[in-house]
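J.: I'd like to go over a predicted model; first the sequence, then the structure.
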Amino acid sequence: MRRLVVALVVVVVAWTITASASASGTCHASPTTASDRRTDPTSARLVVGAWNAEWLFDGQNDVAASPYSGGNVAGADAHVSDVANVVAALDADVLVLVEAESCEMLERAAGSGNATTYAAHMVQGTDTFTMQNVGLLTKVDVVSALSRVEDRGDYDSSTSTCAWSGVKDSGVSKHFLARVRVNDRYVSIIGAHLKAFPTDASSCAQREAQVEVLRALARARYEAGDAVVVAGDLNDFSELHVDSDGNSPTSRVLAKLRDFDGDGVDELEEAVGSRVSQSDRYTWSSSTGSSRSKLDYILTSSGDVRVVSASIRHDLVTNAISDHYPLVATIEVLATRDEASANAKGVVGPVLYVIAALALVVGVGLARKFGACKTKLETK
């Protein structure tokens with residue numbers, strides 16, 4: 001009898017672990033044979049999407065922070081149905097979905113009509129407070145299992161403008177690395193969700209530590225020869241492409257991520273950037289619409305990718321569905337890296353500097369000549 005009880009306990013524990021793993025996300029593996037379910041699998045063009053779907057949970061044993069905690073399964077079901085409609089309308093080839101609870105919720109977000117089109121992938125994160133994860137829906141099968149790194153980055157207060165004087169280090173609790181093959185090139189997709197509260201000093205410092213992890217990951221894949229895409233909710237502002245409310249970052253998160261090797265050249269470009277007018281440049285809105293900002297991004301390695309078009313789909317989402325709006329970018333993956341394009345942005349700065357310096361020299365010279373002429377005229 002004792003052995004029977006022990007055996008039953010082992011079975012129950014094993015079932016619990018299996019069920020928990022299934023619910024939390026073990027759909028990271030790559031298929032035995034990769035396939036491409038885009039309309040034209042031979043195309044070099046790839047439609048990339050990123051969206052914070054806001055608490056894509058099932059309402060069953062949700063954490064207290066979830067709006068569906070306390071068993072609000074009906075509310076969670078209605079939400080995932082709305083999310084599935086948005087996913088179908090976006091029709092992205094690869095879609096980074098933020099704030100997903102599990103593989104099951106990703107599969108439900110893909111919708112019954114897209115069940116055979118999208119593969120759902122997730123690698124379990126380490127955010128034990130919200131239990132949120134970053135997932136991937138893709139029509140192009142991954143060529144290797146999704147992975148994540150447990151590395152931690154350091155915050156450097158001596159060079160930061162975060163106004164945080166303490167010591168801080170951080171990992172990225174919610175992220176993944178996936179690789180797909182397009183136009184005979186490997187494309188590394190890094191999905192991420194960074195610490196919230198853009199202007200809070202402590203959060204700012206944490207994101208600056210977190211971005212060091214993403215920079216290292218992007219740089220490693222870039223130097224290995226992959227085209228690189230970083231997408232998700234970075235919870236920060238861009239100083240290069242200011243959003244609709246004119247928000248300025250207190251951190252250097254976007255600047256550091258664009259120039260991931262710190263050589264003064266931006267290897268990554270913001271896909272939306274100036275392709276969307278400033279008045280429409282927002283991916284987050286308060287419930288009343290009185291406050292708006294751009295917190296979500298798609299960044300691509302400019303030497304490997306040509307951005308064909310990009311947009312923020314305000315037309316697809318109401319605040320009742322999510323407080324974030326999806327971004328979509330159509331990119332063309334180049335057959336080989338264009339080193340000239342990769343270095344172009346780094347050349348512009350020095351060239352402008354030289355031009356400005358020359359203009360200053362010429363201006364000073366003219367001023368001196370004018371002054372000398374004026375003196376001669378006054379003495380006559």
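T.: Done, it's in.
J.: run the chain-centre distance for whatever helix or strand Glu269 lives in.
T.: Assigned by DSSP states H and E, Glu269 falls within strand 268-270. Taking Cα atoms, centre = their mean, to the nearest Å, one finds strand 268-270 lying 11 Å from the centre of the chain it belongs to.
J.: what packs against that strand?
T.: Helices and strands touching strand 268-270, by 3 or more Cβ pairs under 8 Å, 6 or more residues apart in numbering; DSSP states H and E, are helix 253-258, strand 296-301. Quick note: C-beta positions are derived from backbone N, CA and C, even for glycine.
J.: for these, which one ends up most surrounded?
T.: strand 296-301 (a mean of 26; mean count of other Cβ atoms under 10 Å).
J.: quick check: closest non-adjacent residue to Arg313.
T.: Nearest residue to Arg313 in three dimensions, chain neighbours excluded: Pro326, at 4.8 Å (Cβ to Cβ, 6 or more residues apart in numbering).
J.: next up, the contacts around that neighbour.
T.: With contact set as Cβ atoms under 8 Å, 6 or more residues apart in numbering, Pro326 has these partners: 49-51, 86, 90, 312-313, 316-317.
J.: list the ones among those residues that fall in strands.
T.: Those of those mapping onto strands are 49-51, 312, per DSSP state E.
J.: now, of these, which are buried?
T.: Those of the ones in strands among the contacts of Pro326 that meet the buried threshold are 49-51, 312, by 16 or more other Cβ atoms under 10 Å.
J.: my understanding was that Val272 contacts Leu299; is that so?
T.: No: counting by Cβ atoms under 8 Å, Val272 does not reach Leu299; the two are 9.6 Å apart.
J.: flag every buried residue along stretch 107-121.
T.: Buried-residue list, stretch 107-121, by 16+ other Cβ under 10 Å: 107-111, 114, 117-121.
J.: which of these fall within helices?
T.: 107-110 (DSSP state H).
J.: now pLDDT and distance to Leu240 too, for these, in CSV please.
T.: Output for these, formatted as CSV (pLDDT from 0 to 100; distance: Cβ to Cβ, whole Å):
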residue, pLDDT, distance to Leu240
Glu107, 96, 37
Arg108, 97, 37
Ala109, 97, 31
Ala110, 96, 34
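J.: kindly reformat these as a markdown table containing distance to Ser277.
T.: What follows is those, written out as a markdown table (distance: Cβ to Cβ, whole Å):
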| residue | distance to Ser277 |
| --- | --- |
| Glu107 | 36 |
| Arg108 | 35 |
| Ala109 | 30 |
| Ala110 | 32 |
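J.: before we move on, the earlier item: for the strand holding Glu269, the averaged confidence score.
T.: For strand 268-270, the per-residue pLDDT values average out at 98.
J.: and if you look at stretch 309-324?
T.: 98.
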